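J.: my questions are about this predicted structure, shown below with the sequence.
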Amino acid sequence: MVAITEAVSLEKQGEIGMLWIDNPPVNALGFPVRKGMADGIDMAMKDDTIKALVVICKGRTFCAGADIREFGKPPQAPHLPDVLKVFDQATKPVIAAIHGTAFGGGLETALSSHYRIAVPTAQFGLPEVKLGLLPGAGGTQRLPRLIGPEKALPMIATGNPIGAAQALKEGVIDEIAEGDLAEAAVAFARKVLAEKRPLRQVSAMTEKVEAARKTPEIFADYRNVLAKTKRGFEAPEACVKAVEAAVNLPFDEGMATERKLFEGLMRGSQSAAQRYYFFAERQVAKIPDIPKDTPLLDIKKVGVIGAGTMGGGITMNFINAGIPVTLVETKQEFLDRGIGVIKKNYDITAAKGKMTQQAVDQRMGLITGTTKMEDLADVDLVIEAVYENMDLKKEIFKKLDAICKKDAILATNTSYLDVNEIAAQTSRPEFVIGLHFFSPANVMRLLEIVRAAKTSKTVLATSLALGKRIKKIAAVVGVCYGFAGNRMFAQRKRECDKLVLEGALPAQIDKVIFDFGFPMGPFALYDLIGLDLGWSKETTTSDSIRDLLCEQGRFGLKNSKGYYNYEKGGRKPLPAPEIEQLIIDFSKKKGFTRRDISDEEILQRCIYPIINEGAKILEEKIAVRPSDLDVIWINGYGWPVYSGGPMFYADLVGLDKILAVLKKFQAEQGDDFKPAPLLEKLVKEGKNFSSLNT
Ligand code: 3HC
């Protein structure tokens, strides 16, 4: 075995050279790997005793792509496309032997080899688009040549991976290796030599791209798909353009087009935001005072209190992960209804062919419904998901403290209330925590973990691990009204409600927010959530637009009328001139002189206070770092990932500009816009929020 660089070595197994890559954790193609690959292949080609070369990785995976940490820094030669050109043009067979994830530059390495063999669990993908990029080392040119543009397009433009069986079927790989991969790869290489198989250069394949020239409509069709699914993203369109180049241009010219598009994306802010988000999503799980080896509690069985929308959704998370749930309601009829809704959700999924009936039955079999709290005596974790009433929650926690095992975690799903106050009702505040799911809880990826004053490290670490187990992105926050997400969100809500009184109409505000990249505007969202949430006939005041709408029986999407009108059963907001008039009349009655409000003002008033509140939250140490707030907004509130979340976006805009605008609004509108001291401090020091990310 000869070490070529610290990450690459060359071994000989008889006449077969083995180019081993060893760059933990994911064998990213950083400089030592690229240099080692370039020099290694050169050595192997010059060594007459080597007749074929296997490229293979140590550790948990084949190369999972370029080293994203190098992006944005001056590139260091040898560059990946140049290294892969040498692979492609090698004079002896090159075989990629794949396990784990051949992603991005890793798959491009495999595509530049002459043959590919993989273990049955291997995955293949070009996820660059998720980083706001496109495959920049020939992936957009080679994959269409190998499997045809129709199959290559979705892989490149969505970034979703495929498994080994599909890869074999579609011709991405040549063979699946049973048993030891290295042995299988050597045997495969010997077979290639014995059978005198040709050097299969993917770059020289023309049949599939030539055939596709007769069906140019595949690109228009695919662009239509992207318009619906990837609104606002720049990279997917660049991916389509690159694949078009693969179809219409000779290989070298296609490669030049790919490079130009790649570099354009790399310079843009969307890719900077998406690359930032990649690391933010991994960083959020790291809590400075919770070491990796913090002891964990074993969560084998969970209790959920409340079988309403929230409790039902929460239950689905656990049974999806194979964890049995005891679901508690006050009355059998509520329990039956709640379990019925869960079953219906699964049945819909099964009817779409996305789940088998057997899986539905198996999951439903994990639910034990009960009306007796005492049945929670054997669970390891209880999540209370009843409506927001402090007295009720206190009473429940007192009971739980008496009923549950002494080391069971007692969690509340409250969205706003003081978890310390709830914990104080128990004799074990160190076992009390907030697990704040977002609605619909079975769909939304965000989980805010609310660390109360006395929550133990073990309980926090266990909750983080559990979050991962149920496939959530968990962010740890501290106790305050609304925690991090809803506290920031309240800022936008307040401004939207003010803006309609001052002169804007819901449709204008919704368009501004939708065009910014949120899936829907605030008023369409109110309609979706239900205007009557927390409203009652008995307590209505007729002193807000929401009260007036509810008094007219306009509860939102659920009864096809709210801020907007809806066709029966339809979801598309339609203009409601009668409500616009109601808003205008109400604002005049309240003494407002309505004015035209620019889209720019709407955007700034909706977004900048969110950022300002984020700064206050950081100052109060409610959140660990700015990027955690971005993770919360992207996964819980629909912030478009291509602008990185509110704190990253603030850095993009410039904190000095944000501060100046907040001060202007403060002068005009009062202290709703009072800048956070942290924001003032960062501007004074010439720093940004990213400088606080640890
Ligand atoms: N570059 C740098 N670091 C990377 C990386 C990469 N491509 N991929 C993963 N890492 C790091 C992570 O940041 C993490 O670091 P940490 O431990 O310090 O937090 C560590 O490796 C482990 O990663 P995960 O926590 O994500 O581990 P998982 O086992 O959950 O997932 C994975 C492994 C599926 C490989 C996942 O990490 C992944 O999807 N990686 C990114 C793949 C990707 O986007 N590749 C394309 C890169 S761009 C490219 O190739 C351009 C080319 O076309 C020119």
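T.: Yep, it's here. Numbering: from 1, shown residues only.

J.: number of nearby residues for residue 252?
T.: 11 (other Cβ atoms under 10 Å). Using the backbone N, CA and C atoms, a C-beta is placed for each residue, glycine as well.

J.: same question, residue 47
T.: Using other Cβ under 10 Å, residue 47 is surrounded by 14 other residues.

J.: repeat that for residue 686.
T.: As a burial measure, residue 686 scores 9 neighbours (other Cβ under 10 Å).

J.: the one 4 residues further on now?
T.: Here the neighbour count serves as a burial measure; for residue 690 (other Cβ under 10 Å) it reads 15.

J.: if I look at the closest residue to it other than its chain neighbours, how far off is residue 629?
T.: Nearest in space to residue 690, with sequence neighbours left out and distances taken as Cβ to Cβ, 6 or more residues apart in numbering, is residue 651 at 5.4 Å. With the distance defined as Cβ to Cβ, to the nearest Å, residue 651 ends up 12 Å from residue 629.

J.: neighbour count winner among the two?
T.: Neighbours were counted for residue 651 and for residue 629 using other Cβ under 10 Å; residue 629 has more, 32 against 21.

J.: my guess is that one meets residue 612, correct?
T.: No: Residue 629 is beyond contact range of residue 612, at 11.9 Å (criterion: Cβ atoms under 8 Å).

J.: nearest residue to the closest residue to the ligand within the stretch 501-650 of the chain other than its sequence neighbours?
T.: The minimum distance from the stretch 501-650 of the chain to the ligand, using Cβ to the nearest ligand atom, falls at residue 627 (12.3 Å). Counting by Cβ to Cβ, 6+ apart, residue 280 is the residue found nearest to residue 627 once chain neighbours are left out, at 3.7 Å.

J.: who's in contact with the residue nearest in space to the middle of the chain?
T.: For the chain, the residue lying nearest the average C-alpha position, counting by Cα atoms, centre = their mean, turns out to be residue 635 (6.1 Å). With contact taken as Cβ atoms under 8 Å, 6 or more residues apart in numbering, residue 635 is in contact with 444, 445, 446, 473.

J.: mind listing what residue 514 touches?
T.: Counting by Cβ under 8 Å, 6+ apart, the residues that residue 514 touches are 520, 521.

J.: which helix or which strand is home to it?
T.: Residue 514 belongs to helix 506-516 when elements are defined using DSSP states H and E.

J.: which residues of the stretch 1-150 of the chain lie near the ligand?
T.: Applying Cβ under 6 Å from any ligand atom, we find that the stretch 1-150 of the chain lies next to the ligand at 25-26, 28, 61, 64-69, 80, 101, 103-105, 108, 127-128, 131, 135-137, 139.

J.: over to the chain?
T.: Applying Cβ under 6 Å from any ligand atom, one finds that the chain approaches the ligand through 25-26, 28, 61, 64-69, 80, 101, 103-105, 108, 127-128, 131, 135-137, 139, 279, 282.

J.: still on that earlier bit, for ChimeraX, what selects the buried ones among the residues of the stretch 1-150 of the chain next to the ligand?
T.: Below is the selection syntax for ChimeraX that covers the buried ones among those, with 16 or more other Cβ atoms under 10 Å defining burial:
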select :26,28,61,64,65,66,67,68,80,101,103,104,105,108,127,128,131,135,136,137,139
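
J.: pop the domain breakdown of the protein in here.
T.: With automatic domain parsing as the criterion, the domains of the chain are listed as 2-267, 302-483, 519-589.

J.: okay if I get those domains as TSV plus distance to residue 597 and mean pLDDT?
T.: Compiled in TSV, these are given as follows (distance: least, Cβ to Cβ, whole Å; pLDDT from 0 to 100):
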stretch	distance to residue 597	mean pLDDT
domain 2-267	23	97
domain 302-483	26	97
domain 519-589	12	95
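
J.: out of these, which is closest to residue 601?
T.: Distances from residue 601 to each of the domains of the chain were compared using Cβ to Cβ; the shortest belongs to domain 519-589, at 15.2 Å.

J.: in the stretch 401-550 of the chain, which residue sits closest to the ligand?
T.: Among all residues of the stretch 401-550 of the chain, residue 468 sits closest to the ligand, at 9.3 Å; criterion: Cβ to the nearest ligand atom.

J.: so that residue sits in a helix?
T.: Yes: secondary structure of residue 468, determined by DSSP: H, G, I helix; E, B strand; the rest coil: located in a helix.

J.: can you map out the helices along the stretch 501-650 of the chain?
T.: Residue ranges of the helices in the stretch 501-650 of the chain, as given by DSSP state H, counting those that start in this stretch, are 506-516, 522-529, 545-551, 577-589, 599-619, 626-636, 646-653.

J.: what do you get for the stretch 101-250 of the chain?
T.: Taking DSSP H, counting those that start in this stretch, the helices of the stretch 101-250 of the chain run over residues 105-112, 139-147, 149-158, 164-170, 181-194, 207-212, 217-229, 235-248.

J.: perfect, I'm done here.
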